[in-house]
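> Got a predicted structure plus its sequence, pasted below:
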Amino acid sequence: MKKFFLYSILLMFTCNTTFAQIFEAEDAVLSGGVTVDTYNSVSCAYMAGSGSIKFTVNITSAGTYKLTIRAATPLGEKTQDLYVNDAHVGQVKFNSNNSWFDQNAGALYLSAGDNTIEIRKSWGYMYFDKITLEEIPPNDYSLTDSVLVNTDSNEKTKNVYSYLRSQYGKHIISGQTSYWDELIAVAGKTPLVRAFDFQSYTVGYPYLWNNSVGGHTFGWTDNGATQNAIDWYKSTGEKGIVSFQWHWHSPFGGEVSTNTFYTSETTFDVSRAVTPGTAEYDAVIADIDSIASQLKRLQNAGVPVLWRPLHEAGGGWFWWGAKTAEDCLDLYDILYDRLSNYHQLNNHLGYWSLPQDCLYPCYIKVHCIGIHF
């Protein structure tokens, strides 16, 4: 039986949909050369090298809606632009498929009354059958446990958790990672959460500059992130909230000057990494110990941390999510046990944000509050 370790954890759940409307592509406003066509015996709209498909949808009540696009891509993988009420909200990637398939295009906030949803050509050259909107009821995190599952969490960490719970249903807590100074210059305000990244603190970091070879080599380097986090936290009068993610460059199996946290850039096998006695297992333990040294620096400086490891595991594009859900959860348990039990680190609140039910550890479902950055 799988053994689960309890963690101080924050989570955003995916909720069930309760309402659906279907809109046929051939009935939408087709422009710029998009034409009504038939593909695999289905009446549809065909987008060639230009144009757009614009749906007008009438919504009874404002809220968040899941958008599903039924499409076919016999000419290969395509990406198109998505607009809501004439505002660009992102791109939707469609994998190559000769048959009709349903593509989850994410969640959209729609106002009561008429709204427009428009698919504009980015790559073009694919077929569209229809879109489906399903109402998503609000998440309810009001029944979270007031006591952290890691009962050894220090007082500052418990205080952060209590504060996050107290803000439920009242405020949105803003955060920022890469463009801190630029955001403040534009907004004139400072976000409460500032996020940093541990990616350079392992020997598998592939961007260490080596003057002797005139290029990158693998190697651990302190890029200043830990100290910057400490300094920023102190500068806020200890009112700011520090968050750390970890773009975990694979311990081995990749090339220098590449992002080896991506599945496509490494041969590192997570299924072996969770198997004691393998070289992969020993390597991840060494990496976790290295990150523990930085969390220890933060703990010694009195800094509580929102901790985001193994992020976006459900997509499969990072090596820790490339195999089975069980492999990823086993790695999460190893990570927790090593940091909290072996290294006695009690200053971090783990948070987990994935839509896949199979990637929710059972203890997370009971001891959690909703958060997403």
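Received it, and whenever you're ready, just let me know what you need. Numbers count the residues shown, from 1 in each chain.

> tell me the contacts of Thr258?
Contacts for Thr258 (C-beta atoms under 8 Å, 6 or more residues apart in numbering) come out as Pro206, Glu265. Heads up, the C-betas are built off the backbone N, CA and C, glycines and all.

> just checking, what packs against the top helix by length along the chain?
Under DSSP state H, the helix in the chain containing the largest number of residues is helix 279-300. Here helix 279-300 touches helix 225-235, helix 270-273, strand 305-308, helix 325-336, going by 3 or more C-beta pairs under 8 Å, 6 or more residues apart in numbering; DSSP states H and E.

> Turn these into TSV, columns for mean neighbour count and mean pLDDT.
Converted to TSV, the helices and strands packed on helix 279-300 look like this (neighbours: other C-beta atoms under 10 Å; pLDDT from 0 to 100):
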stretch	mean neighbour count	mean pLDDT
helix 225-235	16	97
helix 270-273	20	98
strand 305-308	25	94
helix 325-336	21	91
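
> how about the ones you listed, which one is nearest Gly204?
Evaluated with C-beta to C-beta, the helices and strands packed on helix 279-300 place helix 270-273 nearest to Gly204, the distance being 12.2 Å.

> just to revisit the earlier point, so which of the helices and strands packed on helix 279-300 gets nearest Leu133?
Among the helices and strands packed on helix 279-300, helix 325-336 comes nearest to Leu133, with 28.5 Å by C-beta to C-beta.

> Now the element after that closest one, going C-ward?
strand 348-353 (DSSP states H and E).

> Now do that following strand against helix 279-300, angle only.
Angle of strand 348-353 versus helix 279-300, following axes from the mean of the first three to the mean of the last three C-alpha atoms, to 10 degrees, is 120 degrees.

> returning to what we had before: looking at the helices and strands packed on helix 279-300, spot the one closest to Ala72.
Taking C-beta to C-beta, helix 325-336 is the member of the helices and strands packed on helix 279-300 nearest to Ala72, at 28.9 Å.

> helices and strands around the closest one, which ones?
On a contact count with 3+ C-beta pairs under 8 Å, 6+ apart, helix 325-336 meets helix 270-273, helix 279-300.

> mind redoing it with 7 Å?
Packing partners of helix 325-336 (3 or more C-beta pairs under 7 Å, 6 or more residues apart in numbering; DSSP states H and E): helix 270-273.

> secondary structure element for Phe244?
Counting by DSSP H and E, Phe244 is found in strand 241-245.

> coming back round to it: what's in contact with the longest helix of the chain?
The contact list for helix 279-300, computed with C-beta atoms under 7 Å, 6 or more residues apart in numbering, reads 198, 201-202, 204, 220, 226, 229-230, 246, 248, 251-252, 268-269, 272-275, 305, 335, 338-339, 343, 345, 347-348.

> Tell me the strands beside the strand ranked longest in the chain, with direction?
In the chain, assigned by DSSP state E, the strand with the most residues is strand 97-110. Looking at strand 97-110 with DSSP bridges, its partner strands are strand 63-73 (antiparallel).

> Alpha carbons only: can I get the partner strand in PDB?
Provided in PDB are the C-alpha atoms of strand 63-73 (Å, rounded to 0.1, in the frame of the first residue of the first chain):
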ATOM      1  CA  GLY A  63     -19.400  33.600 -13.700                       C
ATOM      2  CA  THR A  64     -16.600  31.200 -14.800                       C
ATOM      3  CA  TYR A  65     -17.200  28.800 -17.700                       C
ATOM      4  CA  LYS A  66     -15.200  25.900 -19.000                       C
ATOM      5  CA  LEU A  67     -14.600  26.200 -22.800                       C
ATOM      6  CA  THR A  68     -14.300  23.100 -24.900                       C
ATOM      7  CA  ILE A  69     -13.600  23.300 -28.600                       C
ATOM      8  CA  ARG A  70     -14.400  20.400 -30.900                       C
ATOM      9  CA  ALA A  71     -11.900  20.300 -33.700                       C
ATOM     10  CA  ALA A  72     -10.000  18.200 -36.200                       C
ATOM     11  CA  THR A  73      -6.400  18.800 -37.300                       C
END
